[in-house]
Structure formats: C-alpha cells, structure tokens
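*Asks:* Next comes the sequence, and after it the predicted model I'd like to discuss.
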Amino acid sequence: MVPDNSLDFAIIRVQHTPMRLLIIEDDRDAAEYLVKAFREVGHVADWSADGEDGLAMASDGDYDVLVVDRMLPKRDGLSVISALRGQKVETPVLILSALGQVDDRVKGLRAGGDDYLPKPYSFAELLARVEVLARRRGGRGEETAYRVGDLELDRLSHSVRRGATEIDLQPREFRLLEYLMKHAGQVVTRTMLLENVWDYHFDPQTNVIDVHISRLRSKIDKGFAQPLLHTVRGAGYMIRDGAR
Amino acid sequence: MTALGKLVRSTAFRLTLVYLLIFAFYAAALLAYFALNTGRLITEQITDTVDDEIAELTQQYTMGSWRQLTTIVENRALRPGSSLYLVTAPSGQAIAGNVGSLAPGVIDKIGWSETVYRRLDERDTAEHSALVRVTQLSGGFRLLVGRDLEERARMREIVVAAARGSLALVVVLGLAGGFFVTRRVLKRFDAVTDTTQRIMAGDLSGRLPVTGIGDELDRLAINVNAMLERIEALMRGLKEVSDNIAHDLKTPLTRLRNRCEAALRTARTESDYRAAMEGMIEESDGLIRTFDALLMIARAESGQARDNMVEFDAAETVRGVSELYEPLAEEKGLIMRADTPGAATLKGNRELLSQALANLVDNAIKYARPAAEGSGEKPPAEIVVGARRAGERVLLTVADRGPGIPEADRARVVERFVRLSPDPAQPGSGLGLSLAAAVARLHGGELTLEDNAPGLRVVISLPAH
C-alpha cells in the first residue's frame, strides 16, 4: 500500500509568493468564483468580462499569469492572445475552454497560449497549472541537475541518487521524477503528468498515474525516514523536502 | 399559379418551344435551299435550250440567207409550246417570229435579259415574263430567242405554299406535343413535390413514386429513396442514442442528487459533509467523463478529426499504451506484454488511436481474471497488446484471458452504453468499445471481436500507409 504521506490541499496554500492574476471570462459566476478562490489561497486576481477590456488590462497591468476564456464578447480569446503576443507582452496565458478536443487545444497553443484547460475544470487543477506557469516566468527553467533534500537527479548522466544510495529508474520513471523535481514544491496534477511525461491528452479513466507514482515512491522513498514524494489530496502530487 | 401558367413556365415546355423554333427554322431553310436550286436548274435548262436554238438558227442564217432563217423561224413559231422567236431587219422592223410585244429596249440589248412579252397569236391580254437572248447577225439582222418563265414562277408558288403548310403543321404538332409531354412530366414532378412536402412535414416514411420505366426520373427517385432510407435509419439511430444518453446520464445525476439529499438529511459533522461532497465531485467527474467520451465519439464519427492525420508508427503507440498500463496490470496480478514484431506505419490521428487502445486495455484489465493464487501450474493471465502489418493492413490487437464475450453479444456490445454485466463494482460508461469502433471507422478500418480461447481478442484493422 501507498504509505500515508499525503498532504492536505489546505496546508500548502500559504507557502507561495503571492501572484497577480488577470481573469478574462464573461461568465460572472465563474469569474467571481475564481477571484474568490485565488484570494483564499493568497493570490491577487483581477477580472475583466470581455475581450477588448481584457486586452487593455493585460497590456498595461503587470500580471504574472493571464487566465483567458476562449469565447468572449467583443473579442475572441485567441485573438486577445495573438494581439498580446504581437505587442511583445510575454505574460504566460492559460486558456479555458468548453471545447476540449485535441485540435482546439492545438489551436489555442498555436495562438500563443501556454497551457489549455478544458471546462469543466477543478480549481485545484487550475491552481496547479497557473503556479507552474508563474514559476516558469520567474526564470527557473531547464537545469542540468535537480536537488530536493538528499535526492539528486542528474539530467546529463541520467542518474538518480538519494544520499549515498544510487537509485535505478526505468526511462519513464526517470522522466516522471524529472518533471516532479523540476516543479519541486509545487502541486502537479495527474493530467499534468499524463500530458507532460506521456504526452497523452485524454482521460485514461483509471488511476494509471497513481500506480506509476507508487512505483516511483517505492524506489525513492522506501527505507528512508523522510518521505519526499507527497500526495496532495484532491489535487495531485508534490515533491518537496519536508524538513524545510 | 394557374394550371396553364404552371404548364407554360415548366422547363419541359420551354424546351419544347426551343425545339419547335429550331425545327421550324430547319424546315424553312430546307425548303429555301430546295427552291433556290430548283430555280437555278430551270434557268439553266432554259439557257441551254435557247443557246442551242440560237446556234442552230445562226448556222442556218450563215449557210443560207435571211429568207431561209425567217422560214424556219415561222415554222418553229407555229409549233405548240414553242419558244419565243423574233427576227428584225437592219431597219429594226420585225420580219418574222411569234412575239407581239416586248418591253421597250430589249431588242437593242445584245445578250440575256428578262422581259415581259405578249405572243402574236394569243388573244388574252395577260403579259407573261420570259428569259430571252438577243444576237446580232451579220447584215444588221437581229435574232431573239426566248422561253417563257411561267414554269419557274409556278415552282416558286408551290414551294411557298409548301413552306407555309409545313410550318403551320410543325407549330401545331409541336405545341400539342409539348403540352402533352409537359403535362406528363409535370404530373410526375408534382407527385415528387407532394412526397417531399409530406417528408418535410415530418413523415420520414414517405418515398418517391417509381414508375418502373427506368428513365432518368426513375433513377433520381430511386437514389432519393435510398437517401431517405439512410436518413430514416440515422434518425432512428439518433433517437435511440439520445434515449440512451438521457437514461445513462440521468442515472448518475439521480445518484448525485440522492447523495446531496442524504448528506443534508444525515450528515452531522464536518467530516460527514466533506465525505459527501467528495463523493459528489467524484460522481460529477464520472458524468464529465461520459460527456467527453460521447463528444469524442461524435467527433470521430463526423470525420472532423481527419484533418490532422499524420503518418506514424502504430507499434510505438502500442508500446506507449502498454507501458502506461503495465504497472496497473501488475498491481492486479496480470502480465502486460507488447507484441510489436516490426514497424506498422499508418496515417491517422495518434491521439485518438492511443485513446482507443487505452480504452481496450483498460477493459482488458478490468475484466481479466488474475491467475488464482496458489494454483502454481497455471501461468498468470496475460494481456497482449499488439501491432503488426498484415499485407495492406495494420492490425492492432488487445487480447486478454478474461471471460470473453459470447458470440451472440459481440455485435451489440460495440453500441453506445451497452454493458454486458452491469456490475456496480466495475466502473465504466459502456462507451469504451464504442469509441474504439468509431476511431477504427474514422481511419477507414473496422473493429472486430474474436475468441481468444479463452478470453477476448479485439482487433482493429486499419489500412497501412
């Protein structure tokens, strides 16, 4: 069985540096829910109800991430993104859309979006993705090695060690750990793993990811006093040094 | 629109009019050509005869004297149906012939001319016209020989009369025929219009009348009927599907509602509420999944996904899916194996095919029975995901050692929402196989269920690239 090293979603919310977000969404209820939910976890969120207004706010304001609905009055979401990219505004954009098909997704990313989340979504999923986007902007990008506590991953030599112990991983397990460690301290959802580690954009119905995680966990945490790979209830997974 | 107006406006009638015009013009042209040629022939005959007589008479004159000429002319002039003759002395006085009067100046002009004339012996005063030739003889004498043109004039009259008559006949017959044909065609089209109106009013069982002659209207009617047949079948299918959807979405919605009510009624502590709400989220996630699967099937069936088809190796896709599900299989005591002897390149939508395979593998894991613990002889149940090229086809297979599907149920189980064992312990929407089958059809292939003896083998056969 999976060792009980799960975290509650509520515990981790306070640990982040606050983000400034702009939500461009015409549905008032949905927008108010998002603004409130982001505030509860310590971020600041502004709201704009149409494409024109949203574009103006996004061009002027200094936001960390934009959350843009695809279908907007006055100006389509994708056109807002293209216009921003045309003005050299490189703020990361997450697209929300009721159109969840693969080609709609590709269209969204091609227009300059950085991530795509089909409706209906869970707030935990949205939060996790927005935080990853904000962090990417902060400059922490590709590094040759990652370190969390006494766990080290070397991307060049493809080796993993915990303390003095060499850990032998399958290629996919290595990529899974690599992604988790790249986003250490952040919640990573199952869909994010499926998309980024396996490059699948469909719902596998069963808990396939959980099983992969528990395999990885048994390799990196089993026999060590301090668990590093945590399950975040209702959201996903997170790797972090619990001592800090 | 009056019945006549309708008739006159019809395409068939307009076509008739056009044909009528063409035929009338053709008949007129034919007659004109005939008249022209006949006229020319008659004129030719006249000139030949006149030339011959002049040659003969001139010879007589040069051989004998003018007296001999006048004698011959007088003789000839008396014959019935004779030509016109006139001989004039150098003084201009007529000395022989049968011409009473001529148009003035004709005798002075050497060569051919058309003139009105009157015979000497004729009592009537009517003037006739003739074609005459005047020659100058030596010694100041002149000889005129001519033929009456009445024949030619009569010919013209006959042709004009024939033209009038035949044109009238063509117009009358053409119009009558046009009305008749148009009425018949209109009647058939009216029948078609009536049927289509009935169909538009909602009665999809209506069919166009087929006369059995096998003409173009029949062929059209047969095709339209086949189309109606297909539309009716599709509509029936759609109705079935929407009934199913209504049923299969209402069931989880009811469950969701019941959970809410139960929580309101019985939950006392925060953790009770929490548990109830988590259950609700789980339930609604299931609903979303069902929706997504339905949309995906609809998308695959509409053929939209054909736009982004690319060339790729299905063997790699099979290995990817197998690798994704392998730990899950192992956890259930199953062995998962990818069987990819070589590259199996095809053109398609990689994402959709991956999803189809994932659904099949997910089913296999769900229904496969692990080898009973303790029975050491039996090998552990194995799930084999394969991709291989067979001639012009690529075969993707998912084979398990589960209970299999009885042959009688194999066709039915591919339909949407059909679950053979509605076991509440096994979650599932009953859409997995439907999606896989829709994806196979999208790629121009098909999905078949086979006996894996024991177990089930699902084969997706696709055209290779």
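*Replies:* The structure has been received and is ready for your questions. Numbers count the residues shown, from 1 in each chain, chains lettered A, B, ... in the order given.
*Asks:* Now for B:Phe312: which residues touch it?
*Replies:* When contacts are counted by C-beta atoms under 8 Å, 6 or more residues apart in numbering or on different chains, B:Phe312 touches B:Thr345, B:Leu346, B:Lys347, B:Gly348, B:Arg350. The way it works is simple: take the backbone N, C-alpha and C, and place the C-beta from them, glycine included.
*Asks:* Now the strand or helix carrying it: buried residues?
*Replies:* If you go by DSSP states H and E, B:Phe312 is part of strand B:310-313. By neighbour count on 16 or more other C-beta atoms under 10 Å in any protein chain shown, the buried set for strand B:310-313 is B:Phe312, B:Asp313.
*Asks:* try stretch A:202-218
*Replies:* In stretch A:202-218, counting by 16+ other C-beta under 10 Å, buried: A:202-206, A:208-217.
*Asks:* What's the local residue count around B:Ala27?
*Replies:* Close neighbours of B:Ala27, defined as other C-beta atoms under 10 Å in any protein chain shown, add up to 16.
*Asks:* Now do the SS call for it.
*Replies:* State at B:Ala27, reduced to three classes by DSSP: H, G, I helix; E, B strand; the rest coil: helix.
*Asks:* was I right about B:Ala77 contacting B:Leu86?
*Replies:* No - B:Ala77 is beyond contact range of B:Leu86, at 9.2 Å (criterion: C-beta atoms under 8 Å).
*Asks:* after the helix or strand of chain A with the lowest mean pLDDT comes which helix or strand?
*Replies:* One helix or strand of chain A scores below all others by mean pLDDT, DSSP states H and E: helix A:9-12, with a mean of 52. Following helix A:9-12 in sequence order, the next helix or strand is strand A:20-24 (DSSP H and E).
*Asks:* Could you list the paired strands of that next one along with their orientation?
*Replies:* Strand pairing for strand A:20-24, determined by DSSP bridges: strand A:44-48 (parallel), strand A:65-69 (parallel).
*Asks:* Which residues of chain A lie near chain B?
*Replies:* For chain A, the contact set with chain B under C-beta under 8 Å from any C-beta of the partner chain comprises A:100-103, A:106, A:120, A:122, A:172, A:198, A:200-208, A:211-212, A:214-215, A:234.
*Asks:* Sort out for me which of those residues are in helices.
*Replies:* Of these, the ones assigned to helices by DSSP state H are A:Val102, A:Asp103, A:Val106, A:Arg172, A:Val208, A:Val211, A:His212, A:Ser214, A:Arg215.
*Asks:* Which single one of these is nearest to B:Ala27?
*Replies:* Using C-beta to C-beta, A:Asp103 comes nearest to B:Ala27 of those, at 66.2 Å.
*Asks:* The closest one reaches B:Arg299, doesn't it?
*Replies:* No - in this structure, A:Asp103 is not within contact of B:Arg299 by C-beta under 8 Å, at 9.0 Å.
*Asks:* Between those two, which has more neighbouring residues?
*Replies:* Taking neighbours as other C-beta under 10 Å, A:Asp103 and B:Arg299 compare with B:Arg299 leading, 18 against 15.
*Asks:* Break chain A into its domains for me.
*Replies:* What automatic domain parsing lists as the domains of chain A is A:10-137, A:142-239.
*Asks:* With distance to B:Val73 added, can I get these in a markdown table?
*Replies:* Supplementary listing: these in a markdown table, determined by distance: least, C-beta to C-beta, whole Å:
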| stretch | distance to B:Val73 |
| --- | --- |
| domain A:10-137 | 109 |
| domain A:142-239 | 119 |
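*Asks:* who does the closest residue to B:Thr135 other than its chain neighbours bridge with?
*Replies:* Nearest residue to B:Thr135, sequence neighbours excluded (C-beta to C-beta, 6 or more residues apart in numbering or on different chains): B:Leu143, at 5.1 Å. Beta-bridge partners recorded for B:Leu143 (DSSP bridges): B:Val87, B:Thr135.
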